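*Asks:* test case, fold it:
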Amino acid sequence: MMKIKGFTLIEVLITLIFLAGLSLLSISSASFLTYKNERQTLIDEIRTAIQYAKIQAITLGHPVYLAPVDTSLNWSKGMILAQYNNKKNTSAPLYQWRWHHPRWNITWTGAGALNKIMLSNNPVSAISNGQFVLFNSYTKERVVIVLNKLGRIKIKSKD
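*Replies:* Predicted coordinates:
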């Protein structure tokens, strides 16, 4: 008599269910890491832009400002560094940062101009104080980046 070797249907189903469970666990942990890295990348990009703008204000010897790339109050598409020319009553762009974080909404509230961050070449009043509020529409996570008048940056995470 010929003996048939192989797995039973129950053994195959148990193995498939076990593999499906492991897949779900790995996908959920991978998406958590993706969101966490996206948040940290965005914070680092904003911090770098502010530090670069402070250096440019000191190097150029006159005030500069940061403003959102688009004309709305949402900074999530990026920001532009520009200098204002009093003689010609115009502003000239110096540098531009573009971001692609579609889940994040970034707003600025601060002293002085509503939609600009003024950076002075004078160390006593180096920057407009205020805060960026980063809100993830998918995870409902909220991060606040606080800027004080001396240009120090503090991160507050509100999950």
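*Asks:* low-confidence regions, this protein specifically.
*Replies:* Scanning the chain with the threshold set as pLDDT under 70 gives 1-2, 112-114, 158-159.
*Asks:* residue boundaries of the helices in it?
*Replies:* Shown for the chain, the helices assigned by DSSP state H span residues 9-60.
*Asks:* beta-bridge partners for residue 147, please?
*Replies:* When bridges are called by DSSP bridges, residue 147 pairs up with residue 130, residue 153.
*Asks:* how about the spatially most central residue of the chain, nearest residue that isn't a chain neighbour?
*Replies:* What sits nearest the mean C-alpha location of the chain, by CA atoms, centre = their mean, is residue 42, with 2.2 Å. In space, and not counting its chain neighbours, residue 42 is closest to residue 101: 5.5 Å by CB to CB, 6 or more residues apart in numbering. All C-beta atoms are positioned from the backbone trio N, CA, C, and that covers glycine.
*Asks:* quickly note the distance from the one you found to residue 90.
*Replies:* 31 Å (CB to CB, to the nearest Å).
*Asks:* likewise residue 14?
*Replies:* 72 Å.
*Asks:* what about residue 9, neighbour count?
*Replies:* For residue 9, the count of nearby residues is 7 (other CB atoms under 10 Å).
*Asks:* that should have said residue 79, apologies.
*Replies:* Residues within reach of residue 79, counting by other CB under 10 Å, total 26.
*Asks:* tell me what residue 91 is bridged to.
*Replies:* What pairs with residue 91, by the bridge criterion (DSSP bridges), is residue 84.
*Asks:* that one contacts residue 66, doesn't it?
*Replies:* No - using CB atoms under 8 Å, residue 91 is not in contact with residue 66, being 11.7 Å away.
*Asks:* who has more neighbours, these two?
*Replies:* residue 66 (24 against 15).
*Asks:* OK, contacts around the more buried one?
*Replies:* Applying CB atoms under 8 Å, 6 or more residues apart in numbering, one finds that residue 66 lies in contact with 49, 50, 53, 79, 80, 81, 116, 117, 119.
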